[in-house]
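Novice: when you get a sec, could you give me coordinates for this:
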Amino acid sequence: MGDPKKSRRLWQGPRHPWKKESLQNELALIGKFGLRNKRELWLANSVLKSYRAQASAILGLSEAERAAHEKELIQKLSNLGLLGEDSVLDNVLGLSVDDILERRLQTVVMKLGLAHTPHQSRQLIVHGHVKIGDHRVTAPGYMVSRKEEPQISCDLVLATVPESAANAAAARGA
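Specialist: Numbers count the residues shown, from 1 in each chain. I've put the predicted structure just below:
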């Protein structure tokens, strides 16, 4: 089992870390979701890999055992917002790392319009401005469930940039 005080890493890096295609894909995902480093991406990959492994193991069970385990796994993933209620086990195998990263608190805060960019949403979370219900969450990698999503609020109100000022700033920068 191991010593409970000695935690082990939760992620597994790529088998071939220097492939050009994988480096470009990782960099694009880091930019799209505002991740701090590749370790956060590898953690999401590891979570996805474990869900797929669970689904593959369930496919190998007998029909009686399979139905109960399949329902349990699909219920868990639908509560997280990764799948719909009427999904089947093949949908679990069709999940991508984008689906996992979409459920992070950092991405959900941005999608709700509480922040303009992924980096700004990360800063709001780390600085303690984001709450889920009554609890202040300071981990950008927190996986938001469907029940928690409407409870997300931000203490800090961000100023909105008028459309004409944004266009003028973009024209000067270009």
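Novice: next, give phi and psi for E85.
Specialist: The phi/psi pair for E85 (degrees, to the nearest 10) reads phi -60, psi -30.
Novice: swap that for K131, please
Specialist: According to degrees, to the nearest 10, K131 has phi -120, psi 150.
Novice: do S46 as well
Specialist: Residue torsions, per degrees, to the nearest 10, at S46 are phi -70, psi -40.
Novice: so it makes contact with P14?
Specialist: No: counting by Cβ atoms under 8 Å, S46 does not reach P14; the two are 10.9 Å apart. Where you see a C-beta, it was placed from the backbone N, CA and C, and this is true even at glycine.
Novice: looking at those two, which is more packed in?
Specialist: Taking neighbours as other Cβ atoms under 10 Å, S46 and P14 compare with S46 leading, 17 against 14.
Novice: now that one. Nearest residue, chain neighbours left out?
Specialist: Excluding the flanking residues, the one nearest S46 by Cβ to Cβ, 6 or more residues apart in numbering is W11, at 4.7 Å.
Novice: what are the phi and psi values at that neighbour?
Specialist: According to degrees, to the nearest 10, W11 has phi -120, psi 160.
Novice: surely G128 is in a helix?
Specialist: No: counting by DSSP: H, G, I helix; E, B strand; the rest coil, G128 is not part of a helix but coil.
Novice: who touches it in this structure?
Specialist: Counting by Cβ atoms under 8 Å, 6 or more residues apart in numbering, G128 touches R136, T138.
Novice: so how far is P4 from it?
Specialist: Distance, G128 to P4, by Cβ to Cβ, to the nearest Å: 28 Å.
Novice: same check, this time on D90
Specialist: Distance from D90 to P4, by Cβ to Cβ: 37 Å.
Novice: neighbour-wise, which of the two wins?
Specialist: Between D90 and P4, counted using other Cβ under 10 Å, D90 has the larger neighbour count: 9 against 6.
Novice: which strand or helix spans that one?
Specialist: helix 89-93 (DSSP states H and E).
Novice: now the phi/psi pair for A67, please.
Specialist: Dihedral angles (degrees, to the nearest 10) for A67: phi -60, psi -40.
Novice: that one: neighbour count?
Specialist: Count around A67 with other Cβ under 10 Å applied: 12.
Novice: for Q151, same thing?
Specialist: For Q151, using other Cβ under 10 Å, the count is 13.
Novice: report the buried residues of the helix holding D90.
Specialist: Residues of helix 89-93 classed as buried by neighbour count (16 or more other Cβ atoms under 10 Å): L89, N91, V92.
Novice: ok, those vs A53, which is closest?
Specialist: Nearest to A53, judged by Cβ to Cβ, of the buried residues of helix 89-93 is V92 at 10.1 Å.
Novice: alright, I will stop here.
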